[in-house]
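K.L.:
3D model of this:
(2 chains)
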Amino acid sequence: QLTQSPSSLAASVGDRVTITCRASHDISTFLGWYQQKPGKAPKILIYAASTLHSGVPSRFSGSGSGTDFTLTISSLQPEDFATYFCQQLNTYPRIFGQGTKVEI
Amino acid sequence: QVHLQESGPGLVRPSQTLSLTCNVSGGSIYSGGSYWTWIRQRPGKGLEWIGYIYHNGNTHYNPSLKSRLAISVDTSKNVFSLSLSSVTAEDTAVYYCARDTYNNGWYYFDYWGQGIMVTVSS
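P.N.:
Numbers count the residues shown, from 1 in each chain, chains lettered A, B, ... in the order given. Next up is the predicted model:
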């Protein structure tokens, strides 16, 4: 099980935003982060807990290992308002967190 | 660039079978380390992993759906398919196909279809 917090947050352009994801057991660094905009499929941002996927802006970063993980957006941009999901990738079923909606 | 596209009916009657197909283009379904996956998202809810199939036919299903679920692959057509039987309103969701890729020791879902909305209703 993955628990994200907060479930939603309000922020402004330029803000630093931090989202946390807690796993119910040790998953090492087998964690990914995805961004989903309304009506669209999720897009991979980060895998292996901290590796930025190709083409993803460097303002996104991930950290953590074991059970506690963090996604940080260093300076929120207008296109970053979306819902973010974490996902464990060390076993099956591939569980997703419940999501964090980042709103203006 | 791999592209995935879901197709199938948007409306299914209760107790019937939901059948969807995912067409893979721009890459081969034989690609090593590619686990062809179905995910769904109920209205206003999070993402639920349904299961995957490998090109050799090996599958792994979500235990919560296993008794009603079958995922198949047609390598000659570069497609894989989902069949979910005895559906109820709880199966109403956007269904996505995606690739769970294994790359340098790590897994992640790198390509997704656009999603298809399936409503279960009489």
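
K.L.:
from here on, contacts and neighbour counts on C-alpha atoms
P.N.:
Will do.

K.L.:
How about the residue nearest to the spatial centre of chain B, nearest residue that isn't a chain neighbour?
P.N.:
When CA atoms, centre = their mean is applied to chain B, the residue found nearest the centroid is B:W38 (2.4 Å). Spatial nearest neighbour of B:W38, excluding adjacent residues (CA to CA, 6 or more residues apart in numbering or on different chains): B:C97 at 4.5 Å.

K.L.:
give the contact list for that neighbour.
P.N.:
B:C97 makes contacts with B:4-6, B:22, B:36-39, B:112-113, B:115, as judged by CA atoms under 8 Å, 6 or more residues apart in numbering or on different chains.

K.L.:
quick one: what helix or strand has it in it?
P.N.:
strand B:93-103 (DSSP states H and E).

K.L.:
could I have that strand exported to CSV, CA atoms only?
P.N.:
What follows is strand B:93-103, C-alpha atoms only, in CSV (Å, rounded to 0.1, in the frame of the first residue of the first chain):
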residue,chain,number,x,y,z
ALA,B,93,-13.8,3.3,-15.7
VAL,B,94,-11.3,4.7,-18.2
TYR,B,95,-9.2,1.8,-19.3
TYR,B,96,-5.5,2.5,-20.3
CYS,B,97,-3.0,0.2,-21.9
ALA,B,98,0.6,0.9,-21.2
ARG,B,99,4.1,-0.5,-21.4
ASP,B,100,5.8,-1.5,-18.1
THR,B,101,9.4,-1.4,-19.3
TYR,B,102,12.5,-3.0,-17.6
ASN,B,103,15.5,-0.8,-18.3
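
K.L.:
Can you tell me which residues in chain A are near chain B?
P.N.:
A:30, A:32, A:40-44, A:47-48, A:89-90, A:92-99 (CA under 8 Å from any CA of the partner chain).
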